[in-house]
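Enquirer: Sequence below, structure please.
(2 chains)
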Protein chains: 2
Amino acid sequence: MKDNYYAVIFTSIRTSEDQGYRLMSEEMEKLAKIQPGYLGFESAKEEIGISISYWENLESIAKWKANLEHLVAQDKGKNEWYKWYKVRICLVEREYEFIAPI
Amino acid sequence: MKDNYYAVIFTSIRTSEDQGYRLMSEEMEKLAKIQPGYLGFESAKEEIGISISYWENLESIAKWKANLEHLVAQDKGKNEWYKWYKVRICLVEREYEFIAPI
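Expert: Numbering: from 1, shown residues only, chains lettered A, B, ... in the order given. This next block holds a predicted model:
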């Protein structure tokens, strides 16, 4: 990855409903990966869920948000799966990495 | 929170070492909270850990990074606790929220 790409931080609290959630989220992950401008994905869940997807630019994010299958997932998310979520669109200005010596 | 603040995304893979890690990370969380410019914190861990702290500006991030106790923790992190980590400094350009109706 390079500098000056975008991160979309999606933090969420789930409802207890699980109907179709896992399947749908797997599908969305696969589908996101093949969108133009997609750069990467990271996710972890404990009390809250945090999913971060990385994108080349705002246009690629807007297109993914408007993707038809994704829109269906977003509706399901609001109606069934999430008590709360927050989306933050962020410009990655700088990054650095540590890799432990073997 | 308001727009145009900063998010520091810290993604990591831990070693199997746990000596002092939990205590230190709790302490760092407490200490971060009282730094000038601190806005919030979110964290979750599965295969990877994701911790995001939110800050008013780059100056507050730089000061927290240079905090003496935090520097000790960063050293420990490199020498004992982390196989890998990546830090991304991000400008939050836009955000929106969903709260489920009761």
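Enquirer: longest single strand anywhere in chain A?
Expert: Selection of the longest strand in chain A by residue count, based on DSSP state E, yields strand A:82-99.
Enquirer: near chain B, anything from it?
Expert: Yes - Strand A:82-99 lies within reach of chain B by CB under 8 Å from any CB of the partner chain, at A:82-99. C-beta coordinates here come from the backbone N, C-alpha and C atoms, glycine included.
Enquirer: from memory residue A:97 sits against residue B:85, does it?
Expert: Yes - assessed by CB atoms under 8 Å, residue A:97 is found in contact with residue B:85 at 7.2 Å.
Enquirer: Give me the more crowded residue out of the two.
Expert: Shown here are residue A:97 and residue B:85; by other CB atoms under 10 Å in any protein chain shown, residue B:85 has more neighbours (22 against 11).
Enquirer: What's the first helix or strand after the longest helix anywhere in chain A?
Expert: As assigned by DSSP state H, the longest helix anywhere in chain A is helix A:21-33. Later in the chain than helix A:21-33, the nearest helix or strand by DSSP states H and E is strand A:38-45.
Enquirer: Look at residue A:30 and say how many residues are nearby.
Expert: So residue A:30, with other CB under 10 Å, has 9 neighbours.
Enquirer: distance of it from chain B?
Expert: The spacing between residue A:30 and chain B, counted by CB to the nearest CB, to the nearest Å, is 18 Å.
Enquirer: In chain A, where is pLDDT below threshold?
Expert: Where chain A drops to pLDDT under 70, the residues are A:1-3.
Enquirer: ok, 90 please
Expert: Within chain A, the stretches with pLDDT under 90 are A:1-4, A:15-25, A:46-47, A:101-102.
Enquirer: Residues of it that sit close to chain B?
Expert: So chain A meets chain B at A:7, A:9, A:11, A:15, A:42-50, A:52, A:77-78, A:82-100 (CB under 8 Å from any CB).
Enquirer: could you redo the last one with a cut-off of 6 Å?
Expert: A:7, A:11, A:42, A:44-46, A:48, A:50, A:83-100 (CB under 6 Å from any CB of the partner chain).
Enquirer: ok, of those, which come out buried?
Expert: A:7, A:11, A:42, A:44, A:48, A:50, A:85-92, A:95 (16 or more other CB atoms under 10 Å in any protein chain shown).
Enquirer: and which of these is nearest to residue A:24?
Expert: The nearest member of these to residue A:24, counting by CB to CB, is residue A:85 at 14.5 Å.
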